[in-house]
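In: no sequence for this one, just the structure:
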């Protein structure tokens, strides 16, 4: 490898890092505004025009904040854990194209590479929990391992279904196969499995079990602060953007247009804008889910993965294989996939609502309390004494 080739690789890595970091800043601002809109709040408004500099202020705060090391922590494992989480999130972008021309290195086995690298982040979460020497951090790390390993199965099976349809593991070829019909219309069940299991892999609501503040007070990185905590935060938003882009590439046609009369630089620019518009829609859906759905219990989380998503992912592979092997038209696969998806939604609805009496918190309005409270003046004065 010549010196010029090394320089080109380093330049691509720097540009990629700066681009992804900029995207993370935009995502933090966009999510705050989206959640504020859902919850009827204002969101960031003070720092910069309409609060657009709030992510920059947060970054400076985290960088300058004191880094605290627990007394009993395993120093080596503790400091390496954030890197072990961040590096896989960054390496996935080596082969993710945003247009046919804009990609660091297009690989023939790109989907295989992404799948292999994405599963490495669980190691960093386990290292963070163990290295912190805290029972809450260890509990969060073990819960993260159980959750991520469980949901990797339907996640990978949904990707395999797309690879079967496209007969390729090359992302650019998969996008080209969707020029006329996107795979979301052919495999609606696959899209549901992929997006749901991806949310669980990200650890976002309603699947934020391993760092549930109400139960394990922050999860595997509860003992981290300052710049090292911000690396976990950076990796989470990088993975969120990665999942949104992969959803667009695998199921929504990527940068493909029905017709594109332009060529060259203008074609690449318009294709990038079209991809970002689709990605923004998927990101809004992710933010909307976070703002409206409550967190699942850990038993509900594991049951949802093993009893519903895993069987559905295998059924998705089976019906796809049958349609392709016998050369049936793709609308047959659409119908079968749609029927299974409707059945899955019905199962979720039936299991989420029950007439069984539950021992849980019940909200009572102040009006009902006042109407039921009938105290005499003597009882009131006696209670005050």
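Out: Cool, got the structure. Bear in mind the structure is a predicted one, so any value in this text is a computation, not a measurement.

In: only C-alpha atoms for contact and neighbour calcs from this point on.
Out: Noted.

In: for the stretch 1-150 of the chain, what are the low-confidence residue spans?
Out: Counting by pLDDT under 70, the low-confidence segments of the stretch 1-150 of the chain come to 1.

In: can you give me the strands for it?
Out: Counting by DSSP state E, counting those that start in this stretch, the stretch 1-150 of the chain forms no strands at all.

In: what about the residue lying closest to residue 225 once chain neighbours are set aside, distance to residue 228?
Out: Counting by C-alpha to C-alpha, 6 or more residues apart in numbering, residue 225 lies nearest to residue 67, which is 5.5 Å off, once chain neighbours are set aside. With distances defined as C-alpha to C-alpha, to the nearest Å, the gap from residue 67 to residue 228 amounts to 7 Å.

In: for residue 164, same thing?
Out: In this structure, residue 164 lies at 40 Å from residue 228, with C-alpha to C-alpha as the measure.

In: residue 291 too?
Out: Distance of residue 291 to residue 228, computed by C-alpha to C-alpha: 27 Å.

In: got a list of what residue 342 touches?
Out: Listed by C-alpha atoms under 8 Å, 6 or more residues apart in numbering, residue 342 has no contact partners.

In: quick check: phi and psi on it?
Out: Geometry field for residue 342 lists phi and psi as phi -60, psi -40, criterion degrees, to the nearest 10.

In: picking up where we left off before, of residue 164 and residue 228, who's got more company?
Out: Relative neighbour count places residue 228 above the other of residue 164 and residue 228, with 21 against 14, counting by other C-alpha atoms under 10 Å.

In: hmm, that one is touching residue 82, no?
Out: Yes. Contact between residue 228 and residue 82 holds when scored by C-alpha atoms under 8 Å: they sit 6.4 Å apart.

In: give the residues shared as contacts by these two.
Out: Shared contacts of residue 228 and residue 82, defined by C-alpha under 8 Å, 6+ apart, are not found at any residue.

In: burial count for residue 157?
Out: Each residue near residue 157 was counted by other C-alpha under 10 Å, and the total is 21.

In: what helix or strand is it on?
Out: Assessed by DSSP states H and E, residue 157 sits inside helix 135-166.

In: and the helix or strand following that helix, what does it pack against?
Out: Note on helix 135-166: by DSSP H and E, the next helix or strand toward the C-terminus is helix 171-177. Secondary-structure packing of helix 171-177 (3 or more C-alpha pairs under 8 Å, 6 or more residues apart in numbering; DSSP states H and E): helix 135-166, helix 226-251.

In: out of those, which is closest to residue 351?
Out: helix 135-166 (19.8 Å; C-alpha to C-alpha).

In: roughly how far apart are residue 284 and residue 305?
Out: Between residue 284 and residue 305 the distance, using C-alpha to C-alpha, works out to 24 Å.
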